[in-house]
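Undergrad: quick check, what structure comes out for this input:
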Amino acid sequence: MNKNQILKFFGYKLIRFIILMVVVAIFSFVLLDLSPINPVNTYLRGAAVSEAQRAILESYFGMNVPLPTKIFHWLMDLIQGNLGTSLIYRAPVIDVILDKFTASIVLMAISWLLSGILGFALGVVAGKNKGSWIDKAVKVYCYAIQSAPSFWVGMLVLMVFAVYLKWFPIGFGVPIGVSSTDATFAEWASRLVLPTLTLSLVGLAPIAMYTRNELIQVLSSDYVLFAKSRGEKGWDLVKNHGIRNILLPAITLQFLSFSELFGGAVLVEQVFSYPGIGQTAVAAGLQSDVPLFLGIVLFSAVFVFVGNLLADLSYYLIDPRIKESEFSD
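TA: Numbering: from 1, shown residues only. Below is the predicted model:
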């Protein structure tokens with residue numbers, strides 16, 4: 001792969017990213033502008049003001065400006081990195097998002113790794129033992145967990161491990177009355193276990209079922225049957241001819257699950273009152289914080305795009321057979 005192919009690949013991705021962000025920004029802004037949300041009422045929070053003061057606020061929030069003009073100003077501010085000021089936190093939106101994402105990145109990263117590793121392992125075990133009780137148990141679990149909403153799984157985990165067994169705290173990022181800077185690592189980590197467990201339990205089901213089905217197809221292929229005829233069997237057969245053929249698609253699927261991971265974090269953080277980007281998104285929606293909500297929408301689009309980009313890069317890093325073709329398309 002030469003330098004021109006690398007530049008072509010990343011140039012193509014950059015163009016797609018710019019188009020994606022423009023479309024998401026315009027579409028989200030139009031939807032919120034057409035909604036009954038009134039940013040002035042949200043800002044005032046029920047405070048009594050004169051008509052003149054309300055008119056000043058309406059002018060500040062651009063409520064009497066034509067929609068195309070508002071979209072243009074919104075895009076110009078976005079280009080300059082200005083996402084506005086949060087009506088809830090009274091702080092720049094970008095600062096709020098970065099602060100809350102810091103709390104969420106550890107939760108999502110650990111959950112993503114655990115769900116990928118455990119899901120792949122369960123899928124391999126189930127595929128190798130097709131039709132056995134292990135295979136049936138894995139399928140029942142995956143079907144059940146995929147049918148259950150993540151917030152319901154979170155509530156079940158909360159009831160079992162925090163309420164009944166009392167092994168972990170009920171929620172929050174740190175103990176009540178303790179600032180995040182004063183909390184110990186043990187206090188912070190103990191409150192991270194249950195949200196991480198919930199996201200992992202939900203996230204491993206798709207990768208487990210996909211890996212199982214792919215491995216079954218590989219093990220029934222002609223070249224595997226030929227390998228069996230040469231005396232290969234058991235885990236050596238799975239390792240030499242199964243895992244190497246299903247690993248790349250499984251990793252790609254795991255990277256593509258970034259959108260589901262983000263959506264699951266929104267619900268799980270709400271269940272456990274975890275102070276991350278998910279709970280902030282819910283608060284922005286419920287309290288009509290338009291600038292913050294738009295910022296989180298754009299941030300989620302960036303998050304998903306990065307997941308897709310990493311999935312593409314995984315082809316180059318893992319499978320040398322398709323390096324040239326993938327990066328020269």
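
Undergrad: C-alpha from now on. contacts and neighbour counts both.
TA: Noted.

Undergrad: just the element for the residue most central in space within the chain, please.
TA: Nearest to the mean C-alpha position of the chain, by C-alpha atoms, centre = their mean, lies F262 at 2.4 Å. F262 is part of helix 258-271 when elements are defined by DSSP states H and E.

Undergrad: chain center to the helix or strand containing A55: distance?
TA: If you go by DSSP H and E, A55 is part of helix 51-60. Mean-position distance between helix 51-60 and its chain equals 39 Å (C-alpha atoms, centre = their mean, to the nearest Å).

Undergrad: residue ranges of the strands in the stretch 201-329 of the chain, please?
TA: Using DSSP state E, counting those that start in this stretch, the stretch 201-329 of the chain contains no strands.

Undergrad: low-scoring stretches of it, by residue?
TA: 223-224, 226-234, 236-237, 240-241, 315-329 (pLDDT under 70).

Undergrad: try it again with 80
TA: 218-249, 251-253, 255-267, 273-275, 278, 285-289, 307-308, 310-329 (pLDDT under 80).

Undergrad: the residue nearest to the centre of the chain contacts S300, correct?
TA: Yes - if you go by C-alpha atoms under 8 Å, F262 and S300 touch, sitting 7.3 Å apart.

Undergrad: overlap of the contact sets of those two?
TA: Common neighbours of F262 and S300 are not found (criterion: C-alpha atoms under 8 Å, 6 or more residues apart in numbering).

Undergrad: ok, back up a step: pull out the buried residues from the helix holding F262.
TA: Within helix 258-271, the residues that count as buried by 16 or more other C-alpha atoms under 10 Å are F258, S259, L261, F262, G264, A265, V266, L267, V268, E269, Q270, V271.

Undergrad: dump those residues into a markdown table; add distance to N4 as well.
TA: Formatted as a markdown table, those follow (distance: C-alpha to C-alpha, whole Å):
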| residue | distance to N4 |
| --- | --- |
| F258 | 29 |
| S259 | 31 |
| L261 | 34 |
| F262 | 34 |
| G264 | 39 |
| A265 | 39 |
| V266 | 40 |
| L267 | 43 |
| V268 | 44 |
| E269 | 44 |
| Q270 | 46 |
| V271 | 49 |
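
Undergrad: out of the residues you listed, who's nearest W112?
TA: Comparing these against W112 with C-alpha to C-alpha places L261 closest, at 7.4 Å.

Undergrad: ok, the closest one - contacts?
TA: Contact analysis of L261 by C-alpha under 8 Å, 6+ apart lists M108, W112, L199, G203.

Undergrad: looking at the buried residues of helix 258-271, spot the one nearest W167.
TA: Nearest member of these to W167, counting by C-alpha to C-alpha, is V271, at 17.3 Å.

Undergrad: from V153, how far out is that closest one?
TA: According to C-alpha to C-alpha, to the nearest Å, V271 stands 10 Å off from V153.

Undergrad: rewinding a little: of all pairs in the buried residues of helix 258-271, which one is the farthest apart?
TA: With C-alpha to C-alpha as the measure, no two of the buried residues of helix 258-271 lie farther apart than F258 and V271, at 19.9 Å.

Undergrad: ok so, going back, would you check how far apart the residue nearest to the centre of the chain and F293 are?
TA: Here the criterion is C-alpha to C-alpha. By it, F262 lies 15 Å from F293.

Undergrad: before we move on, what about K8?
TA: According to C-alpha to C-alpha, K8 and F293 sit 34 Å apart.

Undergrad: who's more crowded, those two?
TA: Between K8 and F293, counted using other C-alpha atoms under 10 Å, F293 has the larger neighbour count: 25 against 14.

Undergrad: wait, that one touches I277, no?
TA: No - with contact defined as C-alpha under 8 Å, F293 does not count as touching I277 (10.6 Å).

Undergrad: give me the element L113 is part of.
TA: Here L113 is assigned to helix 93-128, by DSSP H and E.

Undergrad: gap between that helix and the chain center?
TA: Distance of helix 93-128 from its chain centroid, counting by C-alpha atoms, centre = their mean, is 8 Å.

Undergrad: number of residues surrounding V202?
TA: 25.

Undergrad: measure it to I105 for me?
TA: V202 sits at a distance of 17 Å from I105 (criterion: C-alpha to C-alpha).

Undergrad: what is the neighbour count of the nearest residue to N213 once chain neighbours are set aside?
TA: Once flanking residues are discounted, N213 sits nearest to G127: 6.7 Å by C-alpha to C-alpha, 6 or more residues apart in numbering. G127 has 28 neighbours, counted by other C-alpha under 10 Å.

Undergrad: burial measure for L14, as a count.
TA: So L14, with other C-alpha under 10 Å, has 12 neighbours.

Undergrad: how about it, what does it touch?
TA: Going by C-alpha under 8 Å, 6+ apart, the list of residues near L14 is empty.

Undergrad: residue contacts, the closest residue to L219 other than its chain neighbours?
TA: Distances taken as C-alpha to C-alpha, 6+ apart place G242 nearest to L219, at 6.6 Å, with adjacent residues excluded. Contacts of G242 were listed using C-alpha under 8 Å, 6+ apart, and they are L215, V218, L219.

Undergrad: roughly how far does the closest residue to the second one other than its chain neighbours sit from V302?
TA: Put plainly, it is V218. Distances taken as C-alpha to C-alpha, 6+ apart place G242 nearest to V218, at 6.1 Å, with adjacent residues excluded. G242 sits 34 Å away from V302, going by C-alpha to C-alpha.
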